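Colleague: Give me a 3D structure for the following:
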Amino acid sequence: MAAGFPWPIVVAQHMPASFTGALARRLDGLSALAVQEVTAPVALVPGRVYVGRGDADVIVVRRPGGLMAAPAPARADYPWHPSVDRLVESALDLVPAPRLVGVLMTGMGRDGARAMAALRERGGRTIAEAEATAVVWGMPGELVRAGGASVVAPLEAIAAELTALVP
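Modeller: Numbering: from 1, shown residues only. Take a look at the predicted model:
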C-alpha cells in the first residue's frame, strides 16, 4: 500500500502469539504504512495497519475517543485465531457496510467467508485472492463459492483493487 492510504487496516492472521509481534515488526520495516501489533486497545488511524495478536482475536470497538482495534480473548465458537469472522462482525456492528472493505487471502479453512459474504450482502465490498496466486485457496475459495467476493484478484493486484475501492 502506498503512504497516505485514507483508511486504517486491521489484520487477522492465523498465527500463534509468539509470531504476530515479529510479523508486525517485519511488515512495519517493509511497508510505507506504519504497522503495529494490537496488544491493548488502540485508536484506528487512517494509513496505519493493526495486526491482531495471535492466539486471541482482534475486534473493532467504540470508545469515547472513537473507533479502536482491541484484543479480545479467543472464543470457542470461533475455531481460528485471530478470527476473521469475529473481526468483520465487530466492524459491521459499528460501521455501515458501505464504509468497509474486506480482503481475504490465502489460508486453510473457511474463516472469514461467512462474515465477508454478509458484508457484501449489506453493501460492503470484498476482495478474494485468486486461486492462481493463493498458496492455499481454502479461505478465499470459500468466499468465492459463497458468492461473497466483489472482486477476485491475484496477489499482486490486491493493493490496487483495494485502493480503487476506498474513497
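Colleague: Could you check the pLDDT of the residue lying farthest from the centre of the chain?
Modeller: Using CA atoms, centre = their mean, the residue of the chain lying farthest from its centre is Pro64. It sits 23.5 Å away. The per-residue pLDDT reported for Pro64 equals 94.
Colleague: ditto for Gly148
Modeller: Residue-level confidence at Gly148 comes out at 97, pLDDT.
Colleague: Pretty sure it sits against Thr126.
Modeller: Yes. Using CB atoms under 8 Å, Gly148 makes contact with Thr126 at a distance of 5.8 Å. Where C-beta positions appear, they are placed from N, C-alpha and C, glycine not excepted.
Colleague: Relative to Ala43, how far out is the residue farthest from the centre of the chain?
Modeller: Counting by CB to CB, to the nearest Å, the gap from Pro64 to Ala43 is 11 Å.
Colleague: quick one, what contacts Phe19?
Modeller: Gly54 (CB atoms under 8 Å, 6 or more residues apart in numbering).
Colleague: Name the SS class of it, please.
Modeller: Local secondary structure at Phe19 is given as helix here, using DSSP: H, G, I helix; E, B strand; the rest coil.
Colleague: can you give me the helices in the protein?
Modeller: Secondary structure of the chain (DSSP state H): helices at 17-30, 84-94, 113-121, 138-145, 155-165.
Colleague: Without its sequence neighbours, what residue ends up closest to Leu23?
Modeller: Leaving out its chain neighbours, the residue that sits closest to Leu23 by CB to CB, 6 or more residues apart in numbering is Val51, at 6.0 Å.
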